[in-house]
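A.B. asks: give the three-dimensional model of this entry:
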Amino acid sequence: MTPIPALAPPVFHHVGVQTADLENALAWYVDFFGCEPTWMLTSFSPLTISRLPGIGTLVELVVGCVRFHLFDRQEAVSEPSHATVPQYQHLCFQVRSPDELRRWRRHWQELHRSARYIFVLDEQPTEVVVDANGIECFYCRDVNGLEFEFTYTPETAQ
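C.D. replies: Down below sits the predicted model:
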């Protein structure tokens with residue numbers, strides 16, 4: 001048997017976010033995360049069209065080393081997926097301090113109160129919880145109902 005050559009670990013590139021309201025989602029991601037648009041596509045390969053029928057526009061947003069690819073589809077629905085359907089449950093972002101964690105939560109609340117965005121699920125972020133190891137976190141949703149976790153892990157818990 002021929003040995004399989006070792007593969008370098010993959011590097012995470014982007015998160016694809018399908019939305020029924022691209023303008024609303026773009027505004028929220030720019031305002032919440034501080035993302036910058038880097039490029040936009042309106043024509044797609046046959047492979048992309050076969051995987052995402054009805055895709056109209058795709059915009060890449062970047063903040064730090066995180067890339068979001070937001071795109072709309074003509075037959076997209078604005079309801080979130082049912083919890084029993086296989087899907088990514090949430091994405092987690094690590095912050096540097098408990099204070100920064102709470103500032104992200106307040107920032108979400110301020111943007112929600114501004115009424116500049118339409119949220120598919122009108123849920124407030126969870127309270128910040130602290131586990132027995134001192135790890136702190138909260139959960140919130142984007143305008144599409146997708147869930148994010150923000151977490152602070154003290155050095156003693158790593």
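A.B. asks: same for the helix ranked longest in the chain, what does it pack against?
C.D. replies: Looking across the chain with DSSP state H, the single longest helix is helix 98-113. With contacts defined as 3 or more C-beta pairs under 8 Å, 6 or more residues apart in numbering; DSSP states H and E, helix 98-113 has these neighbours: helix 22-33, strand 136-141, strand 147-152. The way it works is simple: take the backbone N, C-alpha and C, and place the C-beta from them, glycine included.
A.B. asks: indicate which one of those is closest to Ser114.
C.D. replies: When those are compared by C-beta to C-beta, helix 22-33 sits nearest Ser114, at 8.4 Å.
A.B. asks: direction-wise, compare that closest one with strand 136-141 and give the angle.
C.D. replies: Orientation of helix 22-33 against strand 136-141 (axes from the mean of the first three to the mean of the last three C-alpha atoms, to 10 degrees) gives an angle of 160 degrees.
A.B. asks: for stretch 34-54, which outside residues touch it?
C.D. replies: Applying C-beta atoms under 8 Å, 6 or more residues apart in numbering, the external contacts of stretch 34-54 come out as 18, 26, 29-30, 55-63, 68, 71, 73-76.
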